[in-house]
Each structure stands twice: as C-alpha cells, then as structure tokens.
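1. Next input, structure requested:
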Amino acid sequence: MSTEYEAVIGLEIHVQLSTRTKMFCGCELSFGDDPNVHTCPVCLALPGVLPVPNRTAFEYALKIGAALDCELATVSTFDRKNYFYPDNPKAYQITQAARPFAVNGKLGDVRIHHAHLEEDAAKTIHTGGSGRIKGSDASLVDFNRGGTPLVEIVTEPDLHSGAQVREWGQLLRATIKQLGVSDVNMEEGSLRCDANVSIRPVGSTELGVKTEMKNMNSFRFIERGIDAEVARQKALLEAGEPVVQETLHFDPATGELHSLRSKEEAHDYRYLPEPDLVPVVPTQEMFDEARNSLPELPADRARRYEDLGVSEQAALLLSFETEWAGYFEEVLDAGDSLEPRVVANWVTGELSAELRRQEDRPLADSNVPPASLAALIGLVARKKISHGAGKTVLEEMVSTGADPETVVADKGLEQISDSGELEKIVLQVIEENPKPAEQVRAGNEKAIGALVGGVMKATQGRADGGEVNRLLRQHLGL
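-> Prediction:
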C-alpha cells in the first residue's frame, strides 16, 4: 500500500523598502542606473567606516509588523551574519537574529514567526561568450543595490501546496504595497521569495527533511517550482531514497530543478552582536504611528465586500488592487440603489474583460467614469436593455467615452417592452425549430437553449432573457 504524503511549506520573503537612502549610509537607492554609481566607503566596507541606521527604514518596518499583526519589540538589536559571497564586501551582513523588531504575527491563515531588518547584498552579473565580455566567462558585481534596506518576513510552516503559497503570497504583496513602504515589484527584485519545502506522511506531526528554493521572481513560478519539488521528494521516498537538505533553483523555462549548494545551518553563519550599532528602542509615538497609520488592508476590505454580498472571488480581486477597489466604490456611490454584487461583477468581469480586449488598457484610460458605468448598470437593472446589449454599450463606452443612453438610442438597443410582440417572436421561433421544441417537450430541458438563442437572434439581443425563458416554458407545456 503506497503512503500518502502532504507538503509542509514555510516561506522567507525579502521586501526591499522604498526609502530614499540605503540602510546604513546616505547613498541613494536606484534601479537600472549605471553600475556602481551609488556607492560610498560605508556600503563598500572600506576600513574605518561606521554604519548609521536609517530611521525611515525602521518606521517602515514597524508599519509592516503592525500590518502583519505582530508584537512589536520595545528593544531590538542588530547582529552580524558571517559568510563570504563575492557580492558582500564586508564578508558579513548586518541583520537581526537575536532580537528582531517584530514577532508572533499572522496574515490570513498563516502565522508569522518573525520579521527582521537587514541590508541587501550587491548584484552579481554573470557573463559568457555572448555577454559583455565576449569569448570569456566572468562574474561582475554592481554595488548599487548593496546596503538597500530589507525586511525579511519568516512564516511558520503553515502552507501545504503551491497554489496556497501563490494565493497567500499575492495577499502579502497586496498588503505591503498598500502600506506604501515598497513597490514590491518582483521583476525588479523588490520582493523575493524563498520556500522551505518538505513532505511527511499524512497524519504525521514530524517534519521531513526540507529543501530551500531560492529567489523565485513570480508567484506563478513559485507555485510551479513548489509543485515540482513536492513531486521530486515523493518520488525519492517512494523509491526508498533519502531527501537531502540543499538549496535548489527552479528553471521555469524547462520546469527542471537544479541543486545550487548544500544548505547552511544557523551555526555556519557564526552570528555575533553588531558592535558598531546600539540597541534600537522605538518611542511610544513610533508604535502609535505605525498602528494608527494603517489603511484598510486587503484582507479587511475583502471581508467587508463579502459582507455586502460580493462573491469571494470578486472581493479578492477588488481588495488586491486599490485602484479597482476605489473605482468599484465610486460606481456604488454614483448609482441609484445598485446591488454591490452586481456592480462588482460588472467591474471585475465585463469592464475588466473589455479593457483587456481593447489593447489591454489600464483602468485609468478606460474612458468610462464611475458615474457612466453606474448609469449603464442601472439601465440593465431596470430592464431598459438586456445584459447582452449592455456589453455592446460598454464596448462603445470604452472605445469612445460615449454616454450609455446615447449609445442605446443610436444603436436601437432598448429592450422590447411589448409582451405581445415578444410572445409572437417566441411562437414563431418554436414553429421554425420543431426539433429542439420536441426535445424540450420530451424532457430534455437543455435543448431550450437553442430556442432562447433563436429568440435573441430575432430580437437582436433586445429581449429579456428571463421573460424569454418564461414564455418558452409556457408555450412548450413545462
């Protein structure tokens, strides 16, 4: 009998803070500038220099800790994490190991073990025969990024699938983005995610041997990489082979996993207190500012929208993007007693789809002010036009910015209000389509769709779908 396994996953997420300067010096932060133009003796670790902590970075960190419902430390300290990498000129990283600024938090169903501040390493650029150094292999280092303030968020192993990691990661990204402390751009490295993955027999409480997957730059790739690693570990155990603790890289182009190195243990880093930095003791005013300045966060907004009757999926879509959430609420405010559920469906469904169809326009360039969309939804709700006609009107609104009532009048889309006229069309469609009519009478109710389609075609979409169904059922004896 084969063993059934479950995945156990914990995450380490690095968030670059959008401060003006680096963590321990006055060099400006940058992305895409010429290499090594934002450096100084401090971030290059020249002899005799001393670090000076960035107060704004600590204030941003406290906001993240508050948003993650963490206990904020009244005293936190910095430590040296000793290791040699070519992109770290000091041969150690200033971080927080013993006393981080935030502990014991939670976001959604995932517990946060702690969050700590540290400095980023520089960027290594590998070249080859086709690189900037032609005909040779080399590794170059750009120190512009070295010293950028980071918050590392460490979760408990509360996740159990690649899909769950993707969904939770998107919630975390939306939460931090809303705080205004980071642009969390994964493509530029402002948010990087490492996943610690192990498996164990279902029902067991012991953790298996874990592997670490490093620096994946999209949540879609993270999901694929975790699923591939879980499958690899299952195959090893089922073949009677051990899982080795190591660091892995997932190649999204090939779907393959590659070993980078054996995993370091904590004692390999030889942590020691940073002798050049005193303990940080935030004031009560700093704590109050961190908590009181929090906006409505995505998880809270999603719950509020669901309480209004919005579907879970639409509530999540709206809560992750503040621009769309604001637009949704403006449409609600502009409408006359519109149902939040209906408005959310139009915003996240029809409008979003039409913007994608028309050259993937951003919402800001939609040509559809909230009041205009509210007017269109009202026309459909009052059955002045059908839902299908409403989509036709929306297409014209996105394209030209036209008023919905003007489009309805110009295109002759007003719904048929004469029940006698509609009944004649229904009877004619039944007469012209005897086969599906007989199938419906014989008990195949799915066949009624062909008749509904016939009526809609005959009325050019101007008939109310509910009334069409009622009349068809009445005349077919259902």
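
2. Using the three-state scheme, assign the spatially closest residue to residue 157 that is not a sequence neighbour.
-> Counting by CB to CB, 6 or more residues apart in numbering, the nearest residue to residue 157 once its immediate chain neighbours are dropped is residue 10, at 3.9 Å. All C-beta atoms are positioned from the backbone trio N, CA, C, and that covers glycine. Assigned by DSSP: H, G, I helix; E, B strand; the rest coil, the conformation of residue 10 is strand.

3. what helix or strand does the most centrally placed residue in the chain sit in?
-> Centre of the chain computed as the mean C-alpha position; nearest residue by CA atoms, centre = their mean is residue 170, 2.7 Å away. Take DSSP states H and E as the rule and residue 170 turns out to sit in helix 162-179.

4. One more: residue 302?
-> Per DSSP H and E, the secondary structure element for residue 302 is helix 298-307.

5. That helix: what's the following helix or strand?
-> Helices and strands here follow DSSP H and E; after helix 298-307, the next one along the chain is helix 312-320.

6. elements contacting that following helix?
-> Using 3 or more CB pairs under 8 Å, 6 or more residues apart in numbering; DSSP states H and E as the contact definition, the elements that helix 312-320 packs against are helix 162-179, helix 298-307, helix 322-334, helix 340-345.

7. Generate TSV for the ones you listed, with distance to residue 16 and mean pLDDT as supplementary columns.
-> Formatted as TSV, the entries for the helices and strands packed on helix 312-320 read as follows, by distance: least, CB to CB, whole Å; pLDDT from 0 to 100:
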stretch	distance to residue 16	mean pLDDT
helix 162-179	10	94
helix 298-307	20	94
helix 322-334	20	94
helix 340-345	33	96
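
8. Format those as TSV; extra columns: distance to residue 234.
-> Written out in TSV, the entries for those read as follows (distance: least, CB to CB, whole Å):
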stretch	distance to residue 234
helix 162-179	14
helix 298-307	32
helix 322-334	39
helix 340-345	40
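
9. circling back: list the contacts of the nearest residue to the residue nearest to the centre of the chain once chain neighbours are set aside.
-> The shortest distance from residue 170 to any residue other than its chain neighbours is 5.7 Å, reached at residue 219 (CB to CB, 6+ apart). Counting by CB atoms under 8 Å, 6 or more residues apart in numbering, residue 219 makes contact with 165, 166, 169, 170, 173, 186, 193.

10. how far is the helix ranked longest in the chain from where the chain is centred?
-> Using DSSP state H to define each element, the chain has its longest helix at helix 219-238. On the basis of CA atoms, centre = their mean, to the nearest Å, helix 219-238 sits 21 Å off its chain's mean C-alpha point.

11. Helix, strand, or coil at residue 113?
-> The local conformation at residue 113, judged by three-state DSSP, is strand.

12. what's the helix or strand for the nearest residue to it once chain neighbours are set aside?
-> Closest residue in space to residue 113, ignoring its immediate chain neighbours: residue 154 at 4.7 Å, by CB to CB, 6+ apart. Under DSSP H and E, the secondary-structure element containing residue 154 is strand 149-155.

13. partner strands of that strand, parallel or antiparallel?
-> strand 5-16 (antiparallel), strand 110-119 (antiparallel) (DSSP bridges).
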